[in-house]
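Engineer: With the input below, show me the fold.
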Amino acid sequence: MKIGLIIYGRLQTISGGYLYDRQLVAHLEAAGDEVEIISLPWEGYGRSLLHNTWFALAEQLRLAEFDLLLQDELNHPSLFWLNQRLCGHISYPIISIVHHLRSSEPRPGWQNRFYRQIERRYLASVDGFVFNSQTTRQVVQSLVGDGQPHVVAFPAGDRFQPEITPPQIEARAQEPGPLRLLFVGNLIERKGLHVLLEAVAGLPTADWTLEVVGETAVSPRYTQKIQQQLTQHALRANVTLHGPLSDDDLAAQMAHSHLLVVPSSYEGFGIVYLEGMGFGLPAIAGRGGAAHEIITDGVTGFLVDDAATLRHHLASLHHNRTQLSQMSHAAQTRFVAHPTWTESMSQIRNFLLEQCAV
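Structural biologist: A predicted model of the protein is given here:
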């Protein structure tokens, strides 16, 4: 197959959605397919709407000899009208990779009503979908119905190939000392680092440490808020802000930690929860979105609504290392049962071949 893929910026951008897209591109190319990346510039939402009027982009897509065009749904403001203009002028199907909808994220209702109108028009302009979770599928189909071809291909957590054994997990859980917490995610409000800091601020400082791994430059205003929170609650001695780490260094952090805590307000899936489970880390997440498809509340981790509940679970696991051990083993078992990247990406490729044959 000759496939186009429209994204914003670079395919190497650090996020779960871009990791999913990278894994798919690598799998397609390994299978002998040709993938052409079409990169649109990162701009504000309003300026991105103007991309629909770009003559050069429309001509590039009209003249392209693709068997199929993939579009990351993140690009929906740039494509919602352009796709309609291309209808009847291209011979290949357009398939959207949907990680989660912008209008699913918590924000003022009037904003999401606006985003939802744009996303609905975009979703109605494509010929099929690749969904990363059942939750994402349900949200999209609530907007445009279930008449379009689709596949649900879960992200995987096996890129690190963790080799930690059950006895090592047991020994780690029983080590005396503070509970070693790990947060992995870009510093944006949706990921909920401020909720985690509020939770640990109410715990004795001897009971916990926190390693924060994630890009700090995505939202400078939010990063400033985090810095202020660290100072206000005198948390700096217990919290390390690493910024982004290499895969090897991140794997080392996961192997050393007791818990992965990313209390996001919304996740389309939550790849990092699975990655942590590969190292036997119970995951604590927010209830919004698809985290419940990965985490069994009270078994492989916890789903929380607020800082007080999160604080309660952290205190409980610090003082009850038997429970921590049980949850750690359950987390690793959940990881082992999940499809690998190869299995999920093969599922997508088979779906794309079917769409090319239609």
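Engineer: Tell me if I'm right that Val254 and Leu260 touch.
Structural biologist: Slight slip there: residue 254 is Met, not Val. Yes - with contact defined as C-beta atoms under 8 Å, Met254 and Leu260 form a contacting pair (7.3 Å). Just so you know, the C-beta spots here come from the backbone N, C-alpha and C atoms, and that holds for glycine as well.
Engineer: Find residues that contact each of these two.
Structural biologist: Leu182, Gly276, Leu281 (C-beta atoms under 8 Å, 6 or more residues apart in numbering).
Engineer: So the second one versus Leu260, what's the distance?
Structural biologist: Pointing back at Gly276 there. Distance, Gly276 to Leu260, by C-beta to C-beta, to the nearest Å: 3 Å.
Engineer: now swap in the last one and tell me
Structural biologist: In this structure, Leu281 lies at 4 Å from Leu260, with C-beta to C-beta as the measure.
Engineer: shared neighbours of those two, anything?
Structural biologist: Leu182, Met254.
Engineer: Out of those two, name the residue with the larger neighbour count.
Structural biologist: Leu281 (32 against 25; other C-beta atoms under 10 Å).
Engineer: who touches that one in this structure?
Structural biologist: By C-beta under 8 Å, 6+ apart, the neighbours of Leu281 are Leu182, Met254, Ser257, His258, Leu259, Leu260, Ser328, Ala331.
Engineer: run the last query once more with 7 Å
Structural biologist: Leu281 makes contact with Met254, Ser257, Leu259, Leu260, Ser328, Ala331, according to C-beta atoms under 7 Å, 6 or more residues apart in numbering.
Engineer: swap in Val200?
Structural biologist: Trp208, Leu210, Leu235, Leu314.
Engineer: Of these, which is the nearest to Gly301?
Structural biologist: Leu314 (12.0 Å; C-beta to C-beta).
Engineer: Secondary structure element holding the closest one?
Structural biologist: In the assignment (DSSP states H and E), Leu314 maps to helix 307-319.
Engineer: got it, and Gln71?
Structural biologist: Per DSSP H and E: strand 68-72 holds Gln71.
Engineer: Show me what that strand is in contact with.
Structural biologist: Here strand 68-72 has contacts from 1, 3-7, 17, 21, 79, 92-97, 126, 352, 355-356, using C-beta under 7 Å, 6+ apart.
Engineer: Sheet-wise, list the partners of that strand with their directions.
Structural biologist: Counting by DSSP bridges, the strands paired with strand 68-72 are strand 2-8 (parallel), strand 94-98 (parallel).
Engineer: Could the C-alpha coordinates of that strand be exported in CSV?
Structural biologist: Extracted C-alpha coordinates of strand 68-72, given in CSV (Å, rounded to 0.1, in the frame of the first residue of the first chain):
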residue,chain,number,x,y,z
LEU,A,68,-5.4,5.3,1.4
LEU,A,69,-5.0,8.6,3.4
LEU,A,70,-4.7,8.4,7.2
GLN,A,71,-5.4,11.5,9.2
ASP,A,72,-4.7,12.0,12.9
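Engineer: Going C-terminal from that strand, what's the next secondary structure element?
Structural biologist: Strand 68-72 is succeeded, C-terminally, by helix 76-79 (DSSP H and E).
Engineer: Which stretches in the stretch 151-300 of the chain count as strands?
Structural biologist: For the stretch 151-300 of the chain, the strands defined by DSSP state E, counting those that start in this stretch cover 179-184, 208-213, 239-243, 259-262, 283-286.
Engineer: Just name the most buried of the strands paired with strand 68-72.
Structural biologist: strand 94-98 (a mean of 25; mean count of other C-beta atoms under 10 Å).
Engineer: so for it, what's the average pLDDT?
Structural biologist: What strand 94-98 shows for mean pLDDT is 98.
Engineer: repeat for stretch 249-263
Structural biologist: 97.
Engineer: so how far is that stretch off the chain centroid?
Structural biologist: Relative to its parent chain, stretch 249-263 has a centroid offset of 16 Å by C-alpha atoms, centre = their mean, to the nearest Å.
Engineer: Please list the outside residues in contact with it.
Structural biologist: By C-beta under 7 Å, 6+ apart, the list of residues contacting stretch 249-263 reads 160, 164, 172-173, 179-185, 191-192, 195-196, 211, 213, 245, 272-273, 276, 279, 281-286, 304, 310, 317, 324.
Engineer: what about the helices in the stretch 1-150 of the chain?
Structural biologist: 16-30, 45-49, 55-63, 76-79, 82-86, 109-123, 134-144 (DSSP state H, counting those that start in this stretch).
Engineer: so what does the shortest one touch, helix or strand wise?
Structural biologist: If contacts are counted by 3 or more C-beta pairs under 7 Å, 6 or more residues apart in numbering; DSSP states H and E, helix 76-79 sits against helix 45-49, helix 109-123.
Engineer: about what we covered before: buried sites along the helix holding Leu314?
Structural biologist: Ala307, Thr309, Leu310, Arg311, His313, Leu314, Ala315, Leu317, His318 (16 or more other C-beta atoms under 10 Å).
Engineer: related to what we said a few turns ago, of the contacts of Leu281 - the most surrounded one?
Structural biologist: Ala331 (29 neighbours).
Engineer: what helix or strand is it on?
Structural biologist: Residue-wise, Ala331 maps onto helix 321-337 under DSSP H and E.
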